[in-house]
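Chemist: Structure for the following, please:
(2 chains)
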Protein chains: 2
Amino acid sequence: MKLYDLEPSGNCYKVRLFASLINLDLELVAVDFVNGEHKKTPLLDINPLGQLPVLQDGPLVLRDSQAILVYLAGTYGGLAWWPAHPQGQAEIMQWLSFAGNEVEHSVCAARLVTQFGNDLDKPAALARAAVILPILDAHLAQHDWLAIGRPTIADCAVYPYVALAPEGDVDLTPYRHIAQWLKRVEVLPGYLAKP
Amino acid sequence: MKLYDLEPSGNCYKVRLFASLINLDLELVAVDFVNGEHKKTPLLDINPLGQLPVLQDGPLVLRDSQAILVYLAGTYGGLAWWPAHPQGQAEIMQWLSFAGNEVEHSVCAARLVTQFGNDLDKPAALARAAVILPILDAHLAQHDWLAIGRPTIADCAVYPYVALAPEGDVDLTPYRHIAQWLKRVEVLPGYLAKP
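Modeler: As a prediction, this is how the structure comes out:
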């Protein structure tokens, strides 16, 4: 099973982290991002959105880190990480959306500007971070894990860019419950260190 | 089962459309959006993100239209709309992410500026629309439905803001395959007209 991968990408790291937690072997294919390999044939043919990661498992090709987490958890991870009941799936899904939208356009965007010089609006990203991090912190004040009372792919989706937020000049010290949750993730068996 | 609802919202319409397709009764609770009812107690207590829609089914409260679609399809919709196998779920999930991110920040954002005066960057939204609509059109040139060869919640999630794109000054006439897909959705039994 191949993962088209970019080492510093938090979206790719979501998948590498989860694979490590379930002890699943991935063949990592490093993509030459700087030279735009993901925006050219053949990668653009398998993901027209020109984004990473992309997973290839036999004939199956999947884009989108959240979709890849659903596939890997459902296929190889057992019901612990992605349950069969729709209520649990929906509870997790709320946080997959939070990862793909709120987190992506706040702490992730700020890091892209700071670390990689992306042409995004950093003040707007920081303003969004100042809205969503207190909400996340308040949730984690009441819950050890994001959904269904145990570690799931919800945590794997939200953890990376929150843990990497200081690289975008976001100070996490006001968020005590986030800090405790980050530590809980970091002592899970099979945890893979962040990029 | 209550849906905290805003009639012109495409995200709320995703849920109303799907409920109509599966003939599920929803009690619609109109939220006074103009006066910020969604940003105040008690709605803010059940969705701290201050967004609509919110679904309440007995003790269960769910935010995020994509998560609500997963819950309703899994609980009330049968396997046709959200299959049990992870490969199908992941294939659909790619398009739920596409709805929540690419569609939201392009055609949806342009409509929010044009119709509701939101303070968003409309030229940037239109530029993103010009990138993602050809990708969607190319996919629909090869597929009648977004995922797994039949109508699913993927179509319910992507259809609303694409169908409403002209309200944000996005011209859909160049996208022949999108137009045909919109028509396929619109003749599904139980289809609910767009806001």
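Chemist: show me what contacts residue A:28?
Modeler: When contacts are counted by C-beta atoms under 8 Å, 6 or more residues apart in numbering or on different chains, residue A:28 is found next to A:2, A:3, A:5, A:16. Using the backbone N, CA and C atoms, a C-beta is placed for each residue, glycine as well.
Chemist: Quick check, residue A:11 in contact with residue A:52.
Modeler: Yes. Here residue A:11 reaches residue A:52: they are 6.6 Å apart, a contact under C-beta atoms under 8 Å.
Chemist: give the contact list for residue A:17.
Modeler: By C-beta under 8 Å, 6+ apart, residue A:17 lies in contact with A:156, A:159, A:160, A:191, A:192, A:194.
Chemist: and the gap between the residue of chain A most remote from its centre and residue A:151?
Modeler: Here the centre of chain A is the reference, and by C-alpha atoms, centre = their mean the most remote residue is residue A:41, at 25.5 Å. When C-beta to C-beta, to the nearest Å is applied, the distance between residue A:41 and residue A:151 equals 39 Å.
Chemist: what's the answer for residue A:99, then?
Modeler: 15 Å.
Chemist: Equivalent analysis for residue A:126, please.
Modeler: Using C-beta to C-beta, one gets 29 Å for the distance from residue A:126 to residue A:151.
Chemist: So residue A:28, which state does it fall into?
Modeler: Here residue A:28 is recorded as strand under DSSP: H, G, I helix; E, B strand; the rest coil.
Chemist: what about chain A, any weak spots by pLDDT?
Modeler: Confidence mapping of chain A against pLDDT under 70 gives zero matching residues.
Chemist: What residues does it have near chain B?
Modeler: Contact residues (C-beta under 8 Å from any C-beta of the partner chain) of chain A with chain B: A:48-49, A:60, A:62-64, A:66-68, A:70-71, A:73-75, A:82, A:84-87, A:89-91, A:93-94, A:96-98, A:100-102, A:104-105, A:132, A:135, A:138-139.
Chemist: What strand or helix carries residue A:45?
Modeler: Secondary structure here is read from DSSP states H and E; on that basis residue A:45 sits in helix A:43-46.
Chemist: Give me the contacts around the following helix or strand past that helix.
Modeler: Using DSSP H and E, the helix or strand that follows helix A:43-46 towards the C-terminus is strand A:54-57. Here strand A:54-57 makes contact (C-beta under 8 Å, 6+ apart) with A:1-4, A:15, A:43, A:46-47, A:61-63, A:68, A:71-72, A:75.
Chemist: Would you show me how to pick out the buried ones of those residues in PyMOL?
Modeler: Selection of buried members from the contacts of strand A:54-57 for PyMOL, criterion 16 or more other C-beta atoms under 10 Å in any protein chain shown:
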select buried, chain A and resi 3+4+15+43+47+62+63+68+71+72+75
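Chemist: Filter the contacts of strand A:54-57 down to the ones in helices?
Modeler: Within the contacts of strand A:54-57, membership in helices is found for A:15, A:43, A:46, A:68, A:71, A:72, as judged by DSSP state H.
Chemist: my read: the third one touches residue A:61, true?
Modeler: Yes. Under the criterion of C-beta under 8 Å, residue A:46 makes contact with residue A:61 at 4.9 Å.
Chemist: picking that back up, quick check: the residue farthest from the centre of chain A vs residue B:105, distance?
Modeler: The spacing between residue A:41 and residue B:105, counted by C-beta to C-beta, is 26 Å.
Chemist: which strands and helices sit next to the longest helix seen in chain A?
Modeler: Longest helix in chain A, counting residues (DSSP H): helix A:122-142. The helices and strands touching helix A:122-142, judged by 3 or more C-beta pairs under 8 Å, 6 or more residues apart in numbering or on different chains; DSSP states H and E, are helix A:109-116, helix A:153-163, helix A:176-186.
Chemist: Pull out the buried positions in stretch A:139-159.
Modeler: For stretch A:139-159, a neighbour-count test (16+ other C-beta under 10 Å) marks A:139-140, A:145-148, A:151-159 as buried.
Chemist: domain parsing for chain A?
Modeler: According to automatic domain parsing, chain A is divided into the following domains: A:2-77, A:86-186.
Chemist: Show the end-to-end separation of the longest one, please.
Modeler: Between the opening and closing residues of domain A:86-186 we find a distance of 28 Å, counting by C-alpha to C-alpha, to the nearest Å.
Chemist: and that domain, how far from the chain's centre?
Modeler: Domain A:86-186 sits 9 Å away from the centroid of its parent chain (C-alpha atoms, centre = their mean, to the nearest Å).
Chemist: for the first one, same thing?
Modeler: Here the centre of domain A:2-77 is set off from its chain's centre by 11 Å, with C-alpha atoms, centre = their mean.
Chemist: Verify the contact between residue A:113 and residue A:120 for me.
Modeler: Yes. With contacts defined as C-beta under 8 Å, residue A:113 counts as touching residue A:120 at a distance of 5.3 Å.
Chemist: Of these two, which one has the most company?
Modeler: Neighbours of residue A:113 and residue A:120, each counted by other C-beta atoms under 10 Å in any protein chain shown, are more numerous for residue A:113; the result is 18 against 15.
Chemist: From chain B, how far out is the nearest residue to residue A:16 once chain neighbours are set aside?
Modeler: In this structure, residue A:16 finds its nearest non-sequential neighbour in residue A:192, 5.8 Å apart by C-beta to C-beta, 6 or more residues apart in numbering or on different chains. Distance from residue A:192 to chain B, counting by C-beta to the nearest C-beta, to the nearest Å: 21 Å.
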